[in-house]
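Trainee: Coordinates only, no sequence provided:
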């Protein structure tokens, strides 16, 4: 247990550091550029998100799935990276060929096509970064993983500050700074791992390609659908509203993403741990204990953001004050993503990756339907409600299908907590009287603690039982 906690803390260094650096970019960018310009910046982020979601063709997930079963790790890495690199050549060609219309769609003008060329040029670096981080993470080199995560984010932040200080205060400056900072950070990461990256097609395993494809390609299809689910809110705002609403929404999304500190830390720790536990046939109570604990912890953080949203909004420029009424429902994104990592284990362990396609389709349908109903009338606030609700649907579908094919465990506390958070998020949009909404938030927080009292009692007993022999031994020595 001590080793697990130590590794979790080492992973937390990177997640916390990266999250802090990400949050530091928010006041920097919002200080220099207007919500309208920030809205255009978000379209660049949308394009990069879309690339990241499908460029790996699911081979990154297949690599992680095979890591503990395949003996030659370097050959596995070379084999897994080959297909994404071949595919990236096709994607780069298409992107450069249609640079003008892509620029018009993203930024409203074809004069920014050079930014599209830079996005295309960054694709190989994204592939290297993804697989190298996976390789380090699956080896449980938590501290190295964390330090290089911080390095990449720090490189982006420094470039952003430098470019905005010396060049024009427009979205295109942020785009150039982000891409250049990413490339610099990834280059250092590649130099550090140059021996691992030596790829020889002759030294790949031809027999491994079908296995990787069988697991990875269904994941890729699900990921493409999921990527549409991720970006659909911004597309609706782009079509029905303006760049200013999109900028406010993006700022709110960044604030809500503070909860990704826990999500990223936990996922980096949990994926290899869960596989190891499954291989050792650990009892189900261990999986349930982790799932209940992470739901409780992230629900507390959710309520913390709502309680202190007025203070948190002070990091933004006054032009972005309306973002405080947009971000409550966006907090469901990291919450539901994190918890579903513990409830979808049946899909992962039994290699039913095709079910991820169905899960993503369900979430996408919910998102499209609610965005269509809410965005034209309520703008960015409507998009936030649609997004939060869609992520709840994503969690429910993931959990349902996993429990159908795996023995699983009870998620009644998860459902009750989610309902409470949904209601209080709605109240934080509707009620603007500070003392009243603060009182409601505190009441809901206490209710959540009450729901999880049995869990706290179990954790206390477990800790006390392990401490008791140590205390007894120390007393014996003193006597």
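Mentor: Sure, I can see it. Here the structure is a predicted model, which is why all the values come from computation and not from measurement.

Trainee: Low-confidence regions, the stretch 151-300 of the chain specifically.
Mentor: Counting by pLDDT under 70, the stretch 151-300 of the chain shows low-confidence ranges at 197-202, 268.

Trainee: quick one: contacts for residue 316?
Mentor: Residues in contact with residue 316 (CB atoms under 8 Å, 6 or more residues apart in numbering) are 26-27, 30, 251, 255, 323. To be clear about C-beta, it is placed using only N, CA and C from the backbone, and glycine gets the same treatment.

Trainee: Take those and keep only those in helices.
Mentor: Counting by DSSP state H, the contacts of residue 316 place 26-27, 30, 251, 255 in helices.

Trainee: Next one: the closest residue to residue 349 other than its chain neighbours relative to residue 406, how far apart?
Mentor: The shortest distance from residue 349 to any non-neighbouring residue, by CB to CB, 6 or more residues apart in numbering, is to residue 278 (5.2 Å). For residue 278, the distance to residue 406 (CB to CB, to the nearest Å) stands at 10 Å.

Trainee: what do those two both touch?
Mentor: Shared contacts of residue 278 and residue 406 (CB under 8 Å, 6+ apart): 345, 349.

Trainee: So those two - more neighbours on which side?
Mentor: When residue 278 and residue 406 are compared for neighbours, residue 406 comes out ahead with 19 against 14, by other CB atoms under 10 Å.

Trainee: what pLDDT does the more buried one get?
Mentor: Note on residue 406: pLDDT of 83.

Trainee: For residue 113, the count of nearby residues, please.
Mentor: Neighbourhood size, residue 113 [other CB under 10 Å]: 18.

Trainee: That one and residue 100 touch, don't they?
Mentor: Yes. Contact between residue 113 and residue 100 holds when scored by CB atoms under 8 Å: they sit 5.3 Å apart.

Trainee: on contacts alone, who are the packing partners of the longest helix along the chain?
Mentor: Determined from DSSP H, the single longest helix within the chain is helix 355-405. The helices and strands touching helix 355-405, judged by 3 or more CB pairs under 8 Å, 6 or more residues apart in numbering; DSSP states H and E, are helix 208-240, helix 243-256, helix 327-330, helix 332-343, helix 345-349, helix 412-430.

Trainee: Now the strand or helix carrying residue 446: buried residues?
Mentor: Here residue 446, judged by DSSP states H and E, is contained in helix 434-451. By neighbour count, and taking 16 or more other CB atoms under 10 Å as the criterion, the buried residues in helix 434-451 are 437-438, 440-441, 444-445, 448, 451.

Trainee: got TSV for those residues, with distance to residue 40 too?
Mentor: Listed next are the buried residues of helix 434-451 as TSV, based on distance: CB to CB, whole Å:
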residue	distance to residue 40
437	32
438	35
440	36
441	34
444	37
445	38
448	39
451	43
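
Trainee: Could you single out the nearest of the residues you listed to residue 399?
Mentor: Checking the buried residues of helix 434-451 against residue 399 with CB to CB, the nearest one is residue 451 at 17.7 Å.

Trainee: which one of the contacts of residue 316 is nearest residue 147?
Mentor: Nearest to residue 147 among those: residue 26, at 23.0 Å, using CB to CB.

Trainee: so the closest one makes contact with residue 317?
Mentor: No. The criterion here is CB under 8 Å, and residue 26 misses it with residue 317 at 9.6 Å.

Trainee: And the two? Which one has more around it.
Mentor: Neighbours per residue (other CB under 10 Å) separate residue 26 from residue 317, with residue 26 holding more: 20 against 17.

Trainee: surely residue 186 meets residue 153?
Mentor: No. Between residue 186 and residue 153 there is no contact under CB under 8 Å: 11.6 Å.

Trainee: how far out from the middle of the chain is stretch 419-432?
Mentor: Here stretch 419-432 shows a centroid-to-chain-centroid distance of 23 Å under the convention CA atoms, centre = their mean, to the nearest Å.

Trainee: buried stuff in that stretch?
Mentor: For stretch 419-432, burial by neighbour count (16+ other CB under 10 Å) applies to 420-422, 424-425, 428-429.

Trainee: Looking at these, spot the one nearest residue 297.
Mentor: Nearest member of these to residue 297, counting by CB to CB, is residue 421, at 13.3 Å.

Trainee: where does the residue lying closest to the closest one once chain neighbours are set aside land on pLDDT?
Mentor: Using CB to CB, 6+ apart and skipping residues adjacent in sequence, the residue nearest residue 421 is residue 302, 5.8 Å away. Looking at residue 302, its pLDDT reads 91.

Trainee: go on, residue 12?
Mentor: For residue 12, the pLDDT comes out at 67.

Trainee: And for the one 4 residues further on?
Mentor: Taken from the predicted model, the pLDDT recorded for residue 16 is 75.

Trainee: can you count the residues close to it?
Mentor: Residues within reach of residue 16, counting by other CB under 10 Å, total 18.

Trainee: which stretch of helix or strand covers it?
Mentor: Residue 16 belongs to helix 2-32, assigned by DSSP H and E.

Trainee: can you check residue 150 too?
Mentor: Using DSSP H and E, residue 150 falls in helix 142-166.

Trainee: So which bits of that helix are buried?
Mentor: Applying a neighbour-count criterion of 16+ other CB under 10 Å, the buried positions in helix 142-166 are 142, 144-157, 159-161, 163-164.

Trainee: now the helix or strand that it is followed by, how far from the centre of its chain.
Mentor: On the C-terminal side of helix 142-166, the nearest following helix or strand under DSSP H and E is helix 171-192. Distance of helix 171-192 from its chain centroid, counting by CA atoms, centre = their mean, is 20 Å.

Trainee: With stretch 351-367 instead?
Mentor: Distance of stretch 351-367 from its chain centroid, counting by CA atoms, centre = their mean, is 17 Å.

Trainee: what's near enough to touch residue 315?
Mentor: By CB under 8 Å, 6+ apart, the contact list for residue 315 reads 23, 26-27.

Trainee: And for residue 425?
Mentor: 306, 328-329, 331-332, 388.

Trainee: For residue 232, give its distance to residue 365.
Mentor: 10 Å.

Trainee: that older thread, can I get the buried ones among the contacts of residue 316 as something I can paste into ChimeraX?
Mentor: Provided next is the ChimeraX selection string for whichever of the contacts of residue 316 are buried by 16+ other CB under 10 Å:
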select :26,30,251,255,323
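
Trainee: quick one: which of the contacts of residue 316 is nearest residue 337?
Mentor: residue 255 (16.4 Å).

Trainee: so who does the nearest residue to the closest one once chain neighbours are set aside touch?
Mentor: Nearest non-adjacent residue to residue 255, counting by CB to CB, 6+ apart: residue 327, 4.8 Å away. With contact set as CB under 8 Å, 6+ apart, residue 327 has these partners: 252-253, 255-256, 305, 309, 384.
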